[in-house]
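Student: Provided below are the primary sequence and the corresponding predicted coordinates.
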Amino acid sequence: MVIKYTKHFLDKLENLFAASEFILRYEKGNFKSGYCVLKENKVVIVNKYFPLEGKINALLDILNELNFNPQDFSDKINHDFLTELRQTQLKF
């Protein structure tokens, strides 16, 4: 799978977070990495001033860090999308 820096790809990533137990929020902040993960509260905060590419890269980093399991998603679209993302990241 090729990572495309488009609004549609960002929407797919956001839908993945919406289907998970984590809440995704865009807010301003002084995050050194551009995002903050509050694992105890299950909240992910991404810098809202990031350009589209920055938001996508931050969400991909967070997905890697949180290590979501595709089996946890009942929706086949999210399951398949996460499976494809994991295979893509192995090729890096």
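Tutor: Received it, and whenever you're ready, just let me know what you need. Numbering: from 1, shown residues only.
Student: okay, now the unreliable bits of this structure?
Tutor: 89-92 (pLDDT under 70).
Student: which residue ranges of it form strands?
Tutor: Here the chain has its strands, by DSSP state E, at 23-27, 35-38, 43-47.
Student: most packed of the ones you listed?
Tutor: strand 43-47 (a mean of 20; mean count of other CB atoms under 10 Å). From N, CA and C alone the C-beta is placed, and that goes for glycine too.
Student: between strand 23-27 and that one, find me the angle.
Tutor: Interaxial angle of strand 43-47 relative to strand 23-27 (axes from the mean of the first three to the mean of the last three CA atoms, to 10 degrees): 30 degrees.
Student: what comes into contact with strand 43-47?
Tutor: Defining contact as CB atoms under 8 Å, 6 or more residues apart in numbering, one finds that strand 43-47 is touched by 17, 22-29, 31, 34-38, 54-55, 58-59, 62.
Student: cool, stretch 61-75 as well?
Tutor: The contact list for stretch 61-75 (CB under 8 Å, 6+ apart) reads 13, 16, 19-20, 22, 33, 35, 37, 44, 46, 79-80, 82-83, 85-86, 89.
Student: same list (the strands of the chain) but as CSV, adding distance to Q71.
Tutor: Output for those, formatted as CSV (distance: least, CB to CB, whole Å):
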stretch, distance to Q71
strand 23-27, 21
strand 35-38, 21
strand 43-47, 21
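Student: so how far is E84 from the residue nearest the centre of the chain?
Tutor: Centrality entry for the chain: nearest residue to the mean C-alpha point is L59, 3.2 Å, by CA atoms, centre = their mean. L59 sits 15 Å away from E84, going by CB to CB, to the nearest Å.
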